[in-house]
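Undergrad: Could you work out the structure for the sequence below:
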Amino acid sequence: MKLPAGFSATIVADSLGPLRHLVVTKNGDVYVNLNSTRKSKGKGIYFLSDTNHDGRLDKKLTFADYPGTGIKIKDHYLYSTSNTGVFRYKLDDKDEVINADKPEIIVQGLLDHGRDNSKSIALDDQNNLYVTIGSYSDACRQTGSGAGIPGCPILDSAAGIWKFKANKLNQGFSDGILFSTGIKNAVGIDYNPASKTVFATQHGRSFDKLSPPYFTGQKSAELPAETIYELKQGLDAGWPYAYYDQQLKKKMVSPEYGGDGKTSTDKYADPIIAFPGHFAPNDLLFYTGNMFPKRYKNGAFVVLHGRAISPVKGYLVAFVPFVNGKLSSDWEIFADNFTGSDLEHPTGPMKYRPMGLAQGPDGALYVADDVKGAIFKITYK
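TA: Down below sits the predicted model:
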């Protein structure tokens, strides 16, 4: 792995299956969830522990009868998500689950159409739970509709972030408040204790054969941007009516709603960060530890899951500095070469692909991989 000077990485677990997000306890144990339960005998969460203190997570327990993505620890509870709801498990003094077979239901009945259906979560300091609900439609095209159709009917239940109570049981979708909308699919979401706000990454839409000629070819490989938004009550990021062009640095009108690749709009919120198209930002973590150099404090690590269309790029962990009380508009590569191959001219199978991020009690950065099911631990000395 390619890392900045002073950093090193080790593999602390391997061959676990298609891992998603993860969290590390105060004792250095790991909870990580799975996108599929085939390899884990029908269970969706691993509990991993290093019992002989050799740096490898040798103890492995499984629980939860569902696959999912979101997972957090807050106030002696482990919160986790399926594709339709949010659960929590009471933890003991060692942050181990007390009754793994009987989770409490926090939210149930969330939308799941099988596409972009993961439910990532964030928890703030006011007992609020933020849940992402992705869009199952790329551009909200409706049968028989044309450019200029004013409404997108699925925005009432998808393509946004909903806020619920973190400590209230058996909530349904109708108990939530639409916090921010027009965000097509936010797989990465995290609460920043420095700014006391929630940030979310967005997977941008695709341009395809139904799009006007201006949007096809190389443009469709480069646009639109993948973005990070600082969320606020009522924020509208613009999907499906607009997209962000990182080359022009403008919010542009979508082709289905009259856009020609040249017409911009100021009707919707601009992102804080814009990554190249199709880089797939799949997790977001604000670093609060003390192991890494001072410049990393309160900055954001972002997993870029990578794009398969040419030019093939991504498959890395990026870093965005926190400067003068806010995220910088510039990002940098922090950890690279997970794939172990030339992406444009591969000579063998991809080795690893970053997916999830977590911070350890010592300030180390953990990265989950969804190709082989490995967990990397990145440290600084």
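Undergrad: in the chain, which helix or strand is least confident?
TA: Lowest by mean pLDDT, DSSP states H and E among the helices and strands of the chain is helix 218-222, with a mean of 81.
Undergrad: Pairing partners for the very next helix or strand once past that one, with directions?
TA: For helix 218-222, the following helix or strand on the C-terminal side (DSSP states H and E) is strand 226-230. The pairing partners recorded for strand 226-230 under DSSP bridges are strand 197-202 (antiparallel), strand 273-275 (antiparallel).
Undergrad: which of the ones you listed sits most buried?
TA: Using mean count of other Cβ atoms under 10 Å, the stretch among those with the largest mean neighbour count is strand 197-202, at a mean of 25. C-beta coordinates here come from the backbone N, C-alpha and C atoms, glycine included.
Undergrad: How far off centre is that one?
TA: Its chain's average C-alpha position is 9 Å from that of strand 197-202, according to Cα atoms, centre = their mean, to the nearest Å.
Undergrad: Nearest the middle, which residue of this protein would you pick?
TA: By Cα atoms, centre = their mean, the chain has its centre lying nearest to Gly188, at 2.0 Å.
Undergrad: Relative to Ile121, how far out is it?
TA: The gap separating Gly188 from Ile121 is 11 Å, by Cβ to Cβ, to the nearest Å.
Undergrad: which other residues reach stretch 225-234?
TA: 130, 161, 179-180, 183, 195, 197-204, 235, 237, 243-246, 269, 271-281, 284, 300, 302, 304, 320, 327 (Cβ atoms under 8 Å, 6 or more residues apart in numbering).
Undergrad: For PyMOL, what selects the buried ones among the residues you listed?
TA: Applying 16 or more other Cβ atoms under 10 Å to the contacts of stretch 225-234 leaves a buried subset, and the PyMOL line that selects it is:
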select buried, resi 130+161+179+180+183+198+199+200+201+202+203+204+235+237+243+244+245+246+269+271+272+273+274+275+276+277+278+279+280+281+284+300+302+304+320+327
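Undergrad: Among the contacts of stretch 225-234, which lie within strands?
TA: If you go by DSSP state E, these have 130, 161, 179-180, 197-202, 235, 243-245, 273-275, 281, 284, 300, 302, 304, 320, 327 in strands.
Undergrad: From what I see, Leu110 and Ile133 are in contact.
TA: Yes: between Leu110 and Ile133 there is a contact under Cβ atoms under 8 Å: 6.1 Å.
Undergrad: between the two, what contacts are shared?
TA: Common neighbours of Leu110 and Ile133 (Cβ under 8 Å, 6+ apart) are Lys119.
Undergrad: Mind checking which of these two has more residues around it?
TA: With neighbours defined as other Cβ atoms under 10 Å, Leu110 and Ile133 compare such that Ile133 has more, 26 against 23.
Undergrad: what are the phi and psi values for the more buried one?
TA: When quoted as degrees, to the nearest 10, the phi and psi of Ile133 stand at phi -130, psi 110.
Undergrad: residues of the least confident helix or strand of the chain that come out buried?
TA: So, applying 16+ other Cβ under 10 Å, buried residues of helix 218-222: Lys219, Ser220, Ala221, Glu222.
Undergrad: What of stretch 325-338?
TA: Within stretch 325-338, the residues that qualify as buried are Leu327, Ser328, Trp331, Phe334, Ala335, Asp336, Phe338, counting by 16+ other Cβ under 10 Å.
Undergrad: For the second one, give me its contacts.
TA: Read it as Ser328. Val320, Pro321, Phe322.
Undergrad: hang on, isn't the last one packed against Ala300?
TA: It refers to Phe322. Yes: the pair Phe322 / Ala300 is scored as a contact, 7.3 Å apart, by Cβ under 8 Å.
Undergrad: For the two, list the residues in contact with both.
TA: By Cβ under 8 Å, 6+ apart, the residues touching both Phe322 and Ala300 are Phe286.
Undergrad: For Lys297, list the residues it contacts.
TA: Neighbour list for Lys297: Tyr287, Thr288, Asn290, Phe322 [criterion: Cβ under 8 Å, 6+ apart].
Undergrad: how close does the last one get to Ala64?
TA: Read it as Phe322. For Phe322, the distance to Ala64 - Cβ to Cβ - is 34 Å.
Undergrad: Who has more neighbours out of those two?
TA: Neighbour totals were compared for Phe322 and Ala64, and Ala64 leads with 27 against 19 (other Cβ under 10 Å).
Undergrad: before we move on, back to that, can you tell me which of the buried residues of helix 218-222 is closest to Asp156?
TA: Ser220 (28.8 Å; Cβ to Cβ).
Undergrad: Quick check: the closest one vs Pro276, distance?
TA: From Ser220 across to Pro276, the span is 13 Å (Cβ to Cβ).
Undergrad: ok, now Asn52?
TA: For Asn52, the distance to Pro276 - Cβ to Cβ - is 43 Å.
Undergrad: before we move on, what about Phe47?
TA: Taken as Cβ to Cβ, the span from Phe47 to Pro276 is 36 Å.
Undergrad: Could you do Asp58 as well?
TA: 39 Å.
Undergrad: can I assume Pro4 is in contact with Ile333?
TA: No: using Cβ under 8 Å, Pro4 is not in contact with Ile333, being 9.1 Å away.
Undergrad: tell me which residues form a beta bridge with Ile133?
TA: Under the criterion used (DSSP bridges), Ile133 bridges to Gly160.
Undergrad: Let me see the contact set for it.
TA: Taking Cβ under 8 Å, 6+ apart, one finds Leu110, Leu111, Lys119, Ser157, Ala158, Ala159, Gly160, Ile161, Trp162 in contact with Ile133.
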